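*Asks:* here's a sequence, model it:
(one chain, ligands or ions: 1)
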Amino acid sequence: MKRVMHFQLFVSLATLLAAAMLAGAEIHNGKMDDVILADFEQATYGDWSTVGTAFGTEPAHGALPGQMPVSGFLGNGLVNSFHGGDAATGSLTSRPFLINRSVINFLVSGGRHPGETGLRLVINGVTVRTTTGTDSERLDWASWDVQTLEGKTARIEIFDKAVGGWGHINVDQIILSDTRKAPVIMKDVLYAETYRPQFHFSAKKNWLNDPNGLVYYQGEYHLFFQHNPDGINWGNMTWGHAVSPDLVHWTQLEHALLPDKLGTMFSGSAVVDWHNTSGFGTAAEPPIVAMYTAAGGTNPESKGEPFTQCIAYSTDKGRTFTKYDHNPVVPHIAAENRDPKLIWFAPTRTWVMALYLDKEDYALFTSPDLKGWKQIQTVTMPGASECPDFFPISVQGEKTRKWILTGANGHYLVGDFDGAQFKSEPGFTPQIADNGANYYAVQSYSDIPSADGRRIQIAWMNGGRYPEMPFNQQMSFPCELTLHRLPDGLRLYRYPVKEIRGLYDSAVTYESISLSPGINAFEKNESIKGRELDIDLEFEPGTATELVLSVRGELIIYNCKEQTISFLGKSSHLEPANGKVQLRVLIDRTTIELFGNGGRVSMSSCFVPSPENHDVSLTASGAPIKLPSIKVHTLKSAWQGVH
Ligand code: FRU
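*Replies:* Numbering: from 1, shown residues only. So this is what the prediction gives:
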């Protein structure tokens, strides 16, 4: 055993070394050596080029005439744009270099004027990272996280456009590295932490995954969720609980369902039993009934138990739940069968439950009382597994009503259901509801008042990263689903719920602008930098090459020739409709959710922006792009006043 391990260690180290040698770098203690891009120790700027007068012709050796003492730089030389005092302007730009480490560290001080004094990292003409000075002459370490940019060729531009007080910048030691020199800025106030989503739900602390038991009752949207009360990673599955009056402001309550001798509490759903078919409440005060999977064998108390389906009820608006005495109500059927989703089928006054069985197989069940269940059908959905959802929805502009069956990844079938059988549309292959990088375990709300008729879906944004945060993972922003008849067939659209307007702070709007290549439409909009945003714009791709929305270093690119929208490693086809493309983009601290043409395209993705990069820009390339309208709203935090 030991020998095998040594051998494996040897092989992996050897592979690492070979890779490092290929890259022309050295490796020490398992880490790649830093690459010093510039230390400004030479007599000249070498292959860096200057424009204007502020940077002089060579590195400085401390303070320049008229400047306060400059400290914190390493060695003798540094970049100092005080040549000619604060009034002088100019820039100093590196040659192109390959980003081959995950971090760029540098020392910086001088004027704090975002956009006017500072350094920027530029890829293909677009600023992807930027940092300004600190209104101090003492250089300190700053770091850009460039992991997602590795393999790209970039330039660094040090710029000084400011002419007034503190109109200069000092820089030294620009180093490509795998280790941050600057500490991650962490505000440890609850709900204000560096990577805490500001208008998406995350657990107060610890791990979260699937949304569970989404149900509306007496003015409250309930959001139960897979939660680990004891750790930052998955485990000890328990139903966490939060409520909201508007799908935007959430209050986290006590845990609703705790592990027991049948297992830990896996995913499931909840309904209001309006007719008290279960007898757990009264018709005047109907119970909320939750159905969940007891994951037998996942805690010591349930050793040897299989996965079964159980129910629990609440008669106090979901504040406490009582588990049914005769659980489980559905015995073990197959493998790790799980994730029951309930719906009331009014025409036959029956409960219907969709359950995940195994592989790509789901089953439908019926019950008169939520306690006794009969399997009526199995349905295979290629490409899907786990977390079914099953609900009716009207086709937009028609009287037709269809039924949708979804899997955890949001893949869906459209068909008809008569209370006994679900029949998929002839020839319908499962469709993808969202093509982002972080969209999973989708579920829609039960019991939203029918006059309203909304079908609202929340997903777990699985796989997001939240370095050094007290919580892990977040939910997607709630989206309304609508069904549309297109030439290709029936398709679900996703679009953010209108309640987001309750968070609108300031607004920047433009009408009918023509954006020339190289111009940033948001150049003058300092107020939107680094903020949570709701962007809604329409453009005519015309003969341009690309429209690029750059958000805190991430590029959202519409390729006008290919008619694709791409960001964070995912790409979707998005054709103009009547010559125009509409883009709605929600930006939170760690997410970009994009909706194209009213929700025809939906892409939910997570990212880890560098805390210092606050840039937002909108640029065209190839030819000018006409934008009939741009609306940008900054958003207030949904956690204001929540502790
Ligand atoms: C989906 C899932 C479910 C299961 C739950 C456990 O993400 O695997 O199938 O019930 O998570 O946490």
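
*Asks:* tell me which residues touch the residue in the stretch 1-150 of the chain that the ligand sits nearest to, please.
*Replies:* Going by C-beta to the nearest ligand atom, the ligand is nearest to Thr148 of the stretch 1-150 of the chain, at 24.7 Å. In short, each C-beta sits where N, CA and C put it, glycine included. Thr148 makes contact with 553-554, 568, 607-608, according to C-beta atoms under 8 Å, 6 or more residues apart in numbering.

*Asks:* among these, which are in strands?
*Replies:* Taking DSSP state E, the ones among these that sit in strands are Glu554.

*Asks:* I'd like the contacts of Thr148 laid out as TSV, including distance to the ligand, neighbour count and pLDDT.
*Replies:* Output for those, formatted as TSV (distance: C-beta to the nearest ligand atom, whole Å; neighbours: other C-beta atoms under 10 Å; pLDDT from 0 to 100):
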residue	distance to the ligand	neighbour count	pLDDT
Gly553	29	25	92
Glu554	26	19	96
Leu568	21	20	97
Phe607	21	21	97
Val608	22	19	95
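
*Asks:* CSV for the contacts of Thr148, including distance to His241?
*Replies:* CSV is the format used below for these (distance: C-beta to C-beta, whole Å):
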residue, distance to His241
Gly553, 36
Glu554, 33
Leu568, 31
Phe607, 28
Val608, 28
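
*Asks:* just so I have it, where are all the strands in the stretch 201-350 of the chain?
*Replies:* 206-217, 220-227, 238-244, 251-257, 264-272, 288-295, 307-314, 322-323, 338-345, 350-358 (DSSP state E, counting those that start in this stretch).

*Asks:* next, the angle from the longest one to strand 220-227.
*Replies:* Pointing back at strand 206-217 there. Following axes from the mean of the first three to the mean of the last three C-alpha atoms, to 10 degrees, one obtains 150 degrees for the angle between strand 206-217 and strand 220-227.

*Asks:* helices and strands around strand 206-217, which ones?
*Replies:* The contact analysis (3 or more C-beta pairs under 8 Å, 6 or more residues apart in numbering; DSSP states H and E) places strand 206-217 against strand 220-227, strand 238-244, strand 264-272, strand 288-295, strand 440-444, strand 456-460, strand 471-472.

*Asks:* and the shortest one, by the same measure?
*Replies:* Applying 3+ C-beta pairs under 8 Å, 6+ apart, one finds that strand 322-323 makes contact with strand 307-314.

*Asks:* tell me which of the strands of the stretch 201-350 of the chain lies nearest to the ligand.
*Replies:* Using C-beta to the nearest ligand atom, the nearest of these to the ligand is strand 264-272, at 3.4 Å.

*Asks:* now do that closest one, average pLDDT.
*Replies:* The average pLDDT within strand 264-272 is 98.

*Asks:* just stretch 322-336 next, same as before
*Replies:* So the average pLDDT for stretch 322-336 ends up being 98.

*Asks:* now Asn276. Nearest residue, chain neighbours left out?
*Replies:* Nearest residue to Asn276 in three dimensions, chain neighbours excluded: Ala283, at 4.9 Å (C-beta to C-beta, 6 or more residues apart in numbering).

*Asks:* so who does the one you found touch?
*Replies:* 274-276.

*Asks:* just the buried ones from the residues you listed, in ChimeraX syntax?
*Replies:* Selection command for ChimeraX covering only the buried members of the contacts of Ala283, criterion 16 or more other C-beta atoms under 10 Å:
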select :276
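
*Asks:* and Gly165, how many neighbours?
*Replies:* Neighbourhood size, Gly165 [other C-beta atoms under 10 Å]: 10.

*Asks:* not counting its neighbours along the chain, what's nearest it?
*Replies:* Nearest to Gly165 is Asp86, by C-beta to C-beta, 6+ apart, at 6.4 Å.

*Asks:* my read is that that neighbour contacts Trp166, right?
*Replies:* Yes. Taking contacts as C-beta atoms under 8 Å, Asp86 lies within contact range of Trp166: 6.8 Å.

*Asks:* show me what contacts the residue nearest to Ser202 when sequence neighbours are not counted?
*Replies:* Excluding its sequence neighbours, the residue lying closest to Ser202 (C-beta to C-beta, 6+ apart) is Gln474, at 4.2 Å. By C-beta under 8 Å, 6+ apart, the residues touching Gln474 are 197, 200-202, 208, 461, 464, 466, 590-591, 606.

*Asks:* can you list the strands of the stretch 201-350 of the chain in JSON lines and add mean neighbour count and distance to Phe522?
*Replies:* Formatted as JSON lines, those follow (neighbours: other C-beta atoms under 10 Å; distance: least, C-beta to C-beta, whole Å):
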{"stretch": "strand 206-217", "mean neighbour count": "24", "distance to Phe522": "33"}
{"stretch": "strand 220-227", "mean neighbour count": "25", "distance to Phe522": "34"}
{"stretch": "strand 238-244", "mean neighbour count": "21", "distance to Phe522": "31"}
{"stretch": "strand 251-257", "mean neighbour count": "17", "distance to Phe522": "35"}
{"stretch": "strand 264-272", "mean neighbour count": "27", "distance to Phe522": "41"}
{"stretch": "strand 288-295", "mean neighbour count": "27", "distance to Phe522": "46"}
{"stretch": "strand 307-314", "mean neighbour count": "23", "distance to Phe522": "48"}
{"stretch": "strand 322-323", "mean neighbour count": "15", "distance to Phe522": "54"}
{"stretch": "strand 338-345", "mean neighbour count": "23", "distance to Phe522": "42"}
{"stretch": "strand 350-358", "mean neighbour count": "22", "distance to Phe522": "45"}
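
*Asks:* reformat those as TSV; add distance to Thr400.
*Replies:* Converted to TSV, those look like this (distance: least, C-beta to C-beta, whole Å):
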stretch	distance to Thr400
strand 206-217	25
strand 220-227	28
strand 238-244	32
strand 251-257	37
strand 264-272	25
strand 288-295	29
strand 307-314	32
strand 322-323	40
strand 338-345	18
strand 350-358	20
